[in-house]
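>>> here is a sequence with its predicted model. Questions after.
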Amino acid sequence: MAKKVLHLHSSFDVGGKEMRSVRLMEAFGRKLEHTVVSAEPGALSAGHGMKKSVQVRYPVHFPSLKGKPTPGRLQKLAKAMAGFDLILTYNFGAMDAVMAHTLFADLHSLPPLVHHEDGFDTDETKKRKWTRNWYRRIALGRASGLVVPSTGLEQIAKTEWQQPAWRVQRIVNGIDTARYGRKAKADALPGLVKREGERWIGTLAGLRKVKNLPRLVEAMKDLPEFWQLVIVGEGSERDEIRAAADRFGVSDRVHMPGFVEDPATVLGLFDIYALSSDSEQFPLSVVEAMASGLPVASPDVGDVKAMLAKSNRDYVSVPGDTKHLGEMLAALAEDEAARAAIGEANRQRARDRYDEQAMIDDYRAMYARALKVPRFP
């Protein structure tokens with residue numbers, strides 16, 4: 001009989017943690033039945049391209065993950081979590097469910113819970129809110145595991161959230177590296193064609209404030225005309241990015257073709273991969289860029305610098321310094337040989353250290369420990 005897994009997400013729209021969750025569901029195969037709930041109603045786009053072999057449902061009437069954490073509401077959440085074999089929660093948006101589990105697990109015979117934290121929005125990039133720290137400390141009291149992808153989050157979990165070392169597990173994000181590095185068609189992006197002589201700075205990102213994409217627009221504005229900026233993704237900050245392009249006089253060189261289901265089909269169009277985020281932890285898009293043989297320009301956020309090949313680390317800028325990021329982009333733009341050499345070093349590092357099989361094995365072992373079984377699923 002298939003085990004039943006409940007996934008409670010802060011959002012299940014397309015993003016790094018969501019696509020990792022989808023990949024794990026696919027890798028674990030038919031032995032599991034998945035139920036996915038999003039704290040943001042209707043935010044379920046990450047599941048649109050999921051393999052049809054995955055048994056998954058999206059219940060309409062599951063209690064909301066948002067609201068005041070009153071005892072009555074938390075107990076209602078706990079009742080809804082009964083009947084599953086494993087509960088997986090993701091980010092602070094699902095923390096009320098974690099609290100409900102800690103308070104009412106015995107009353108409702110709830111299964112083990114493993115929580116996942118992947119980073120913060122703009123309001124907590126520099127300093128975490130003390131109220132949320134306290135809430136996490138209490139809510140995680142009965143969790144069987146806490147998974148984080150970066151060394152920074154691992155440290156925060158052990159200090160600010162006061163979690164015991166046995167509960168915290170760092171599992172780095174991985175991808176199927178063999179699928180990346182292919183030559184892309186000039187018209188692989190919808191409504192956009194790479195013309196002869198053009199060079200592209202590219203990024204894959206949800207158009208959210210924490211990604212600070214107007215900063216990237218400003219950082220590339222002084223590059224030669226043949227350098228274009230291509231931002232692949234969707235989100236609420238589209239108008240702000242467009243306004244920045246107008247303000248800096250590069251509107252004809254900034255392109256936002258929208259969301260792309262398979263990044264491996266378009267990354268080959270880029271000559272430089274860039275980030276401009278205020279906060280990251282272990283961004284999956286950087287691994288994808290590395291596996292595609294690209295040099296990376298990025299602020300020194302999260303584990304990005306440590307992720308990159310040694311030769312690429314000289315192109316990591318001071319966090320929040322737009323001018324310095326622009327200098328890093330200019331240095332890479334001016335040196336084609338360096339771009340090629342760095343890209344190849346990144347490709348080899350991605351294959352050696354960030355292939356998805358190791359990630360899948362680590363998650364499989366983590367969930368098996370939570371269930372106290374020799375193998376999961």
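It's in.
>>> residues in contact with the nearest residue to Gly202 once chain neighbours are set aside?
Spatially, and ignoring its direct neighbours in sequence, Gly202 is nearest to Phe270 (3.4 Å; C-beta to C-beta, 6 or more residues apart in numbering). Where you see a C-beta, it was placed from the backbone N, CA and C, and this is true even at glycine. By C-beta atoms under 8 Å, 6 or more residues apart in numbering, the contact set of Phe270 is Trp200, Ile201, Gly202, Val230, Ala289, Ser292, Leu294.
>>> next step: the residues you listed restricted to helices.
Judged by DSSP state H, the contacts of Phe270 include Ala289 as members of helices.
>>> from the contacts of Phe270, which ones fall inside strands?
In this view, these that belong to strands under DSSP state E are Trp200, Ile201, Gly202, Val230.
>>> pLDDT score for the second one?
By that I understand Ile201. Reading off the confidence values, Ile201 has pLDDT 98.
>>> that one contacts Leu269, doesn't it?
No - using C-beta atoms under 8 Å, Ile201 makes no contact with Leu269, being 10.8 Å away.
>>> pull up the overlap in contacts between these two.
Joint contacts of Ile201 and Leu269 (C-beta under 8 Å, 6+ apart) are Val230.
>>> hmm, back to that, ok, which pair from the ones in strands among the contacts of Phe270 is furthest apart?
Greatest spacing in the ones in strands among the contacts of Phe270, by C-beta to C-beta: Ile201 and Val230 (7.1 Å).
>>> so how far is Phe282 from Arg253?
Going from Arg253 to Phe282 by C-beta to C-beta, to the nearest Å gives 30 Å.
>>> could I get the ones in strands among the contacts of Phe270 as CSV with distance to Asp278?
Formatted as CSV, these follow (distance: C-beta to C-beta, whole Å):
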residue, distance to Asp278
Trp200, 24
Ile201, 19
Gly202, 20
Val230, 21
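>>> any stretches of the chain with poor pLDDT?
By pLDDT under 70, the chain has no low-scoring segment.
>>> now do the strands in it.
Under DSSP E, the chain gives strands at 3-9, 32-38, 55-57, 86-90, 113-116, 145-148, 168-170, 199-204, 227-232, 254-258, 272-274, 296-299, 316-317.
>>> let me have those strands in JSON lines, extended by mean neighbour count and distance to His48.
As requested, the strands of the chain are exported to JSON lines (neighbours: other C-beta atoms under 10 Å; distance: least, C-beta to C-beta, whole Å):
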{"stretch": "strand 3-9", "mean neighbour count": "23", "distance to His48": "15"}
{"stretch": "strand 32-38", "mean neighbour count": "22", "distance to His48": "12"}
{"stretch": "strand 55-57", "mean neighbour count": "14", "distance to His48": "11"}
{"stretch": "strand 86-90", "mean neighbour count": "25", "distance to His48": "18"}
{"stretch": "strand 113-116", "mean neighbour count": "26", "distance to His48": "21"}
{"stretch": "strand 145-148", "mean neighbour count": "24", "distance to His48": "24"}
{"stretch": "strand 168-170", "mean neighbour count": "19", "distance to His48": "29"}
{"stretch": "strand 199-204", "mean neighbour count": "22", "distance to His48": "17"}
{"stretch": "strand 227-232", "mean neighbour count": "23", "distance to His48": "16"}
{"stretch": "strand 254-258", "mean neighbour count": "18", "distance to His48": "14"}
{"stretch": "strand 272-274", "mean neighbour count": "26", "distance to His48": "25"}
{"stretch": "strand 296-299", "mean neighbour count": "28", "distance to His48": "28"}
{"stretch": "strand 316-317", "mean neighbour count": "22", "distance to His48": "34"}
